[in-house]
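Visitor: Show me the folded form of this:
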Amino acid sequence: MISVALVILFCVTCFALFVFHLPSIRRSRMTQIGRAIASAVESRSPFMDGMYREICDLSEQVSRDCGLSRHDAETTKIAALICDIGLCSVPSAILQKTSEWTPEEQSLFDRHTEIGASIVRQSPILRRYSTIVQHHHTKFADEPKTPLEARIIGVTADYVRFRRVYGDNRAMTAIERQSGNQYDPEIVGVLKELVTAQ
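Guide: Sure thing, here's the model as predicted:
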């Protein structure tokens, strides 16, 4: 009788552990996959070294400050790590170029969101991020109803890039200048509060 009770107790404990820890195991696995993809993209240019971890962390903070649920903030975090997977299609010479891009080079860069979404759609575990990847550079003025996660990543990714070139103040000024046009003004406001508080 005692052994049957112990087996039942063991089964119930295993089931509870499985149910309550499965989401955290899944999140951990997705983060690892995201970091591997980000690392591959970063290897294309020394300028990008460590950049996606910054974008990921800032996107998660902005998501929470925008009132997203824990699940949606986690989605934003993973999408931020893989958002530029399409840059694998852009020649390294363009990514490493310090002078202004030609119209042809800009066109090659602009296609990376479509290419990235197409790559992500091919994976059953990454497919749910494809819309975010596709729209993270979509202009707010053109498509204000793009997913909030995509709009957050668009603002935070550009802020991190600008900060690496211009420093904090000029980066924030560049973002604010495009508020309402390229970027969602509410997200710009949240980012500014967050940056000012740090």
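Visitor: Every contact and neighbour count from this point should use C-alpha atoms.
Guide: Noted.
Visitor: Could you pull up the residues touching the most centrally placed residue in the chain?
Guide: Centroid check for the chain by CA atoms, centre = their mean gives A80 as the closest residue, at 0.9 Å. Counting by CA atoms under 8 Å, 6 or more residues apart in numbering, A80 touches 52, 55-56, 59, 153, 157.
Visitor: Among those residues, which are located in helices?
Guide: Members of these lying in helices (criterion: DSSP state H): 52, 55-56, 59, 153, 157.
Visitor: Can you tell me which of these is closest to P185?
Guide: Proximity of the ones in helices among the contacts of A80 to P185 (CA to CA) peaks at I153, which lies at 13.5 Å.
Visitor: Wait, that closest one touches H135, no?
Guide: No. With contact defined as CA atoms under 8 Å, I153 does not reach H135; the gap is 9.4 Å.
Visitor: Compare the two (neighbour count), which wins?
Guide: Taking neighbours as other CA atoms under 10 Å, I153 and H135 compare with I153 leading, 30 against 23.
Visitor: buried stuff in stretch 93-108?
Guide: 94-95 (16 or more other CA atoms under 10 Å).
Visitor: Just the residues contacting that stretch, thanks.
Guide: 44-47, 90.
Visitor: could I get those as CSV with secondary structure?
Guide: Below are the contacts of stretch 93-108 laid out as CSV (DSSP: H, G, I helix; E, B strand; the rest coil):
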residue, secondary structure
R44, coil
S45, coil
P46, helix
F47, helix
V90, coil
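Visitor: Quick check: PyMOL command selecting the buried ones in these.
Guide: Command for PyMOL that selects the buried part of the contacts of stretch 93-108, burial taken from 16+ other CA under 10 Å:
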select buried, resi 44+90
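Visitor: Name the residues of stretch 167-185 that are buried.
Guide: In stretch 167-185, counting by 16+ other CA under 10 Å, buried: 171-172, 175-176, 178-179, 182-185.
Visitor: Please convert these to CSV, extending it with pLDDT and secondary structure.
Guide: Below are the buried residues of stretch 167-185 laid out as CSV (pLDDT from 0 to 100; DSSP: H, G, I helix; E, B strand; the rest coil):
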residue, pLDDT, secondary structure
A171, 95, helix
M172, 96, helix
I175, 97, helix
E176, 97, helix
Q178, 97, coil
S179, 97, strand
Q182, 96, coil
Y183, 97, strand
D184, 97, coil
P185, 97, helix
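Visitor: Make a markdown table from those and add distance to E74 to it.
Guide: Below are the buried residues of stretch 167-185 laid out as a markdown table (distance: CA to CA, whole Å):
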| residue | distance to E74 |
| --- | --- |
| A171 | 25 |
| M172 | 25 |
| I175 | 24 |
| E176 | 26 |
| Q178 | 27 |
| S179 | 25 |
| Q182 | 24 |
| Y183 | 21 |
| D184 | 20 |
| P185 | 22 |
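Visitor: which one of those residues sits closest to E193?
Guide: Nearest to E193 among these, with distances taken as CA to CA, is M172, at 10.7 Å.
Visitor: That'll do, ta.
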